[in-house]
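A.B. asks: show me the folded form of this:
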Amino acid sequence: MMRFWRVSANLGISLIFLMLCMQVCGSSAADSDVCFIKDVVPVLTKAGCSAGACHGSLQGRGGFRLSLLGFDPAADYEAIFQGARGRRVSLASPESSLLMQKAMGAVPHGGGRRIEPDSMAHKVLHAYLSDGAPVPEDWQLHVQSLAANPKSATLKLGGATTILSVAKWSDGNERPISPLALYDSSDPLVAVVSSSGEVTAKSSGKTTVMVRFAGQVAVVEITVPYDAQSNLSQFQPVNYIDDLVAEEWKRLGVTPSAVAGDNDFIRRVYLDLIGT
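C.D. replies: Here you go, the predicted structure:
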């Protein structure tokens, strides 16, 4: 029934709200599994729409303000569907909605194109609007935990691995969210990570990749060994910390320096203390 109603500025907010409330996200009345909190908010976050440099800033952008990184879905829902007298969306014609037109660069947009046509993000937004933008049953729905696998990886130079991320929601539902997560490498010179979670080794060393989704964080440790073989024949561990360090040298292919004498040790400590 939603598709035969055309929302116009003259009808005002009351008609929009009536249409939105006729379906509930997660209920049996919905035609699909697309949910505002689980799908739409992550899509907008991934696209950068709710970033601090865009609509997630304190003042918003272009008269449109979203919560920073989607931390307040209820406020975002109100801003999208009730703000600006409802002109940002058209449930009768989702593709012509200003929300989608701007995100895909079909009309002038200060942030440029954020979503590619026929992409996963495009399909999520279109499906949600086509279903009448069902209202979530529980605005307190949130991610309880985030798991990223593998937890650690050892890569050869030029080698790659893909991080698979799974979010557990407060309603007990678990789902893969790799395409929607945000990724950052602590040292891009050692390994870079793509927007889809593919990690590629660039140089020898160690780094970590931070995975963020809906306020949760997971960390993946990346090791890229040196070409040389580790030689620990001269190293004599004296405690369990030495054992852990030795295992790390083996993974990296590093041979430790010889044990320093007192003079060398004092000089090195002195240089450390003065920050040189």
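
A.B. asks: which parts of the stretch 1-150 of the chain are strands?
C.D. replies: Ranges of strands in the stretch 1-150 of the chain, per DSSP state E, counting those that start in this stretch, are 24-25, 135-136, 143-149.

A.B. asks: any chance of JSON lines for these, columns distance to Ser230, mean neighbour count and mean pLDDT?
C.D. replies: No exception for glycine: its C-beta is placed from N, CA and C like everyone else's. Compiled in JSON lines, the strands of the stretch 1-150 of the chain are given as follows (distance: least, C-beta to C-beta, whole Å; neighbours: other C-beta atoms under 10 Å; pLDDT from 0 to 100):
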{"stretch": "strand 24-25", "distance to Ser230": "54", "mean neighbour count": "19", "mean pLDDT": "46"}
{"stretch": "strand 135-136", "distance to Ser230": "54", "mean neighbour count": "20", "mean pLDDT": "90"}
{"stretch": "strand 143-149", "distance to Ser230": "27", "mean neighbour count": "16", "mean pLDDT": "96"}
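
A.B. asks: among those strands, which is nearest Val190?
C.D. replies: Nearest to Val190 among the strands of the stretch 1-150 of the chain is strand 143-149; the distance by C-beta to C-beta comes to 17.8 Å.

A.B. asks: what packs against that closest one?
C.D. replies: If you count contacts as 3 or more C-beta pairs under 8 Å, 6 or more residues apart in numbering; DSSP states H and E, strand 143-149 packs onto strand 164-169, strand 205-213, strand 216-224.

A.B. asks: to Tyr128, which of these lies closest?
C.D. replies: Short answer: strand 164-169, nearest of those by C-beta to C-beta, at 17.2 Å.

A.B. asks: what's the helix or strand that the closest one is followed by in contact with?
C.D. replies: Using DSSP states H and E, the next helix or strand after strand 164-169 towards the C-terminus is strand 174-176. Identification of contacts with strand 174-176 by C-beta atoms under 8 Å, 6 or more residues apart in numbering yields Lys38, Leu164, Ser165, Val166, Ala167, Lys168, Trp169.

A.B. asks: follow-up on the earlier one: just tell me which of the strands of the stretch 1-150 of the chain ends up closest to Thr276.
C.D. replies: The nearest among those, by C-beta to C-beta, is strand 143-149 at 38.0 Å.

A.B. asks: residues touching stretch 257-273, excluding its own?
C.D. replies: With C-beta under 8 Å, 6+ apart as the criterion, stretch 257-273 contacts Gln234.

A.B. asks: from the chain's centroid, how far away is that stretch?
C.D. replies: 43 Å (C-alpha atoms, centre = their mean, to the nearest Å).

A.B. asks: again with stretch 94-102
C.D. replies: Per C-alpha atoms, centre = their mean, the displacement of stretch 94-102 from the mean C-alpha position of its chain is 23 Å.

A.B. asks: looking at the helices and strands packed on strand 143-149, which is nearest to Gly110?
C.D. replies: strand 205-213 (24.5 Å).

A.B. asks: mean confidence score for the closest one?
C.D. replies: The predicted model gives strand 205-213 an average pLDDT of 95.

A.B. asks: partner strands of it and their direction?
C.D. replies: Sheet pairing of strand 205-213 (DSSP bridges) gives strand 182-185 (antiparallel), strand 216-224 (antiparallel).

A.B. asks: could I get those strands as TSV with distance to Gly52, mean pLDDT and mean neighbour count?
C.D. replies: Converted to TSV, these look like this (distance: least, C-beta to C-beta, whole Å; pLDDT from 0 to 100; neighbours: other C-beta atoms under 10 Å):
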stretch	distance to Gly52	mean pLDDT	mean neighbour count
strand 182-185	13	96	17
strand 216-224	17	96	18
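
A.B. asks: any chance of those strands in CSV, plus distance to Ser67?
C.D. replies: What follows is those, written out as CSV (distance: least, C-beta to C-beta, whole Å):
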stretch, distance to Ser67
strand 182-185, 16
strand 216-224, 16
